[in-house]
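K.L.:
Sequence first, predicted model second:
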Amino acid sequence: MNKALLRKDLLRRRVAMNSTDWDNRNALICEKILQNLPSPPHLSVLGYFSIRQEPDLSDLWPQLRSRAISFGVPRCVDNQLVWHRWEPENKLVVGAFGILEPEATAHVLQAQDVGVILVPCVGCDRRGNRIGYGGGFYDRLLAQAKWGSIPTVGVTFDLGIVERFEADEWDQPLNYICTETNWIVCNELICNELNCL
């Protein structure tokens, strides 16, 4: 199955979850991320605001704050992602794709400020190849050396894990995948400074 058809099938399965099942799976994913997340207190964790019944990371925010870890979220600017520090009391606006975003005046995070990137996935395989929505935003970000050296965790439900698919030449593989039942190491990553895993 090609990526476009696979994306369509995985999205159909994801939105078919009832709200109780979705909530329960979200809680398990947030718990598993917290169990495995590198947590240097001086670096930020980058995440996202859930759309189309993606895993919701809202439960992470108070936990990260309690560890003095700041949380960053993206803003789409042209065809790039710009990352901003975000706190629950900060104002959000609706961006070009209907996704909540921080205001342009919010504090911008640079790659050296970041300890890990939580990447939303429609689906992925155990090698770390990701299926997104097809816009290429994360692939363009991770193709840059300064961002591509940061550990990435693909976040999806178990139903988003596929055995294998052919990645495109521009696809940037993930280091880890987190689902409600699994923490998958996709490749060997040396990150002693961050005490990863």
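P.N.:
Done, it's in.

K.L.:
Bridge partners for the residue nearest in space to the middle of the chain, pull those for me.
P.N.:
For the chain, Val119 is the residue whose C-alpha lies nearest the centre (C-alpha atoms, centre = their mean; 1.8 Å). Applying DSSP bridges to Val119 gives these bridge partners: Gly154.

K.L.:
contacting residues for it?
P.N.:
The contact partners of Val119, by C-beta atoms under 8 Å, 6 or more residues apart in numbering, come to Tyr48, Arg130, Tyr138, Thr152, Val153, Gly154, Val155, Leu174. (C-beta placed from N, C-alpha, C; glycine too.)

K.L.:
If you rank the residues you listed by neighbours, which is first?
P.N.:
The most neighbours of any of the contacts of Val119, using other C-beta atoms under 10 Å, belong to Gly154, which has 29 neighbours.

K.L.:
Identify the single longest helix in the chain, thanks.
P.N.:
In the chain, assigned by DSSP state H, the helix with the most residues is helix 19-36.

K.L.:
Just the residues contacting the helix or strand following that one, thanks.
P.N.:
Downstream of helix 19-36, the first helix or strand assigned by DSSP states H and E is strand 44-46. Outside strand 44-46, the residues that touch it by C-beta under 8 Å, 6+ apart are 37, 60, 64, 69-74, 83, 85, 109, 113-118.

K.L.:
And the lowest-mean-pLDDT helix or strand in the chain, what's buried?
P.N.:
Of all helical and strand segments in the chain, the minimum by mean pLDDT, DSSP states H and E falls on helix 60-66, at a mean of 89. Across helix 60-66, burial judged by 16 or more other C-beta atoms under 10 Å covers Leu60, Trp61, Gln63, Leu64.
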